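In: following is a predicted model, sequence given first.
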Amino acid sequence: MIFLSIFEIKFKQIIMKKNNNLKVAIVMGSQSDAKTMALCTKVLKKFGIKFETKIISAHRTPKRMYEFAQTAEEEKFGVIIAGAGGSAHLPGMISSLTSIPVLGVPIESKNLKGLDSLLSIVQMPKGIPVGTLAVGDNGAINAGLLAVSIIANTNNVVKKRLKNWRKLQTKSVKKKPKF
Ligand code: AIR
């Protein structure tokens, strides 16, 4: 029994160590999405998580998308954040090619203010999920934070940083409004 629990602890430690270096991929459909997606990079930098950024368009560069998704696991990505606007099929297409969790950020489009992006990312038919965040800047920041939470599951240092950051956020909310 004792042997088993020591064995279990060791096994958990090995898994944790193996996953300690998981990176986040931040991909976007166009250079024009970079201003929004930069907010994800800011969050990940704050928590000391490694990331890579790439422009990948599902219909303009389909081969690039396919190659990226097929090799994402070997490349040690633990989360993929995909931002796209308009007919935003990038997050769903990537999710169809890998079992790594995909977080979708609907980019605010000019014509429909991102409603097109939101609906095309959030309305995935069952079977291939995309964790969809809010439209625009809030979505990009929360995608970063959600990626931090996922990485924190297998990285205690990141978990501590996240808990601490949340405490500080709570502390920063004043009890009384100023008029
Ligand atoms: N897009 C690019 N390839 C597929 C999609 N959905 C999106 C980009 C960007 C929008 O089209 O994510 O938000 C407009 O791109 P561009 O390059 O015309 O500025």
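Out: Good, I have the coordinates.
In: can you list the low-confidence ranges for this protein?
Out: For the chain, the stretches flagged by pLDDT under 70 are 1-7, 9-20.
In: return the residues of it in contact with the ligand.
Out: Applying CB under 6 Å from any ligand atom, we find that the chain lies next to the ligand at 28-30, 32-33, 57-60, 84-88, 90, 107. Placement of C-beta: from N, CA and C, glycine included.
In: what ranges do the helices span in this protein?
Out: Taking DSSP state H as the criterion, the chain carries its helices at 2-19, 34-46, 62-71, 90-97, 115-122, 137-152, 156-171.
In: how close does residue 50 get to residue 41?
Out: Computed as CB to CB, to the nearest Å, the residue 50 to residue 41 distance reads 11 Å.
In: and those two? Which one has more around it.
Out: Using other CB atoms under 10 Å, the more surrounded residue of residue 50 and residue 41 is residue 41, with 18 against 14.
In: OK, contacts around that one?
Out: Residue 41 is in contact with 26, 51, 53, 144, counting by CB atoms under 8 Å, 6 or more residues apart in numbering.
In: look up how far residue 57 lies from it.
Out: With CB to CB as the criterion, residue 41 and residue 57 are 19 Å apart.
In: now, of the residues of the chain next to the ligand, which are buried?
Out: Buried residues within these, counting neighbours by 16 or more other CB atoms under 10 Å: 28-30, 33, 57-58, 84-86, 88, 90, 107.
In: now flag whichever of those is closest to residue 151.
Out: Proximity of those to residue 151 (CB to CB) peaks at residue 28, which lies at 19.8 Å.
In: quick check: that closest one touching residue 84?
Out: Yes - with contacts counted by CB atoms under 8 Å, residue 28 reaches residue 84, the gap being 6.8 Å.
In: which neighbours do these two share?
Out: 90, 107.
In: ok, how many other residues are close to residue 76?
Out: For residue 76, the neighbour count with other CB under 10 Å is 13.
In: where is the longest strand in this protein?
Out: strand 77-84 (DSSP state E).
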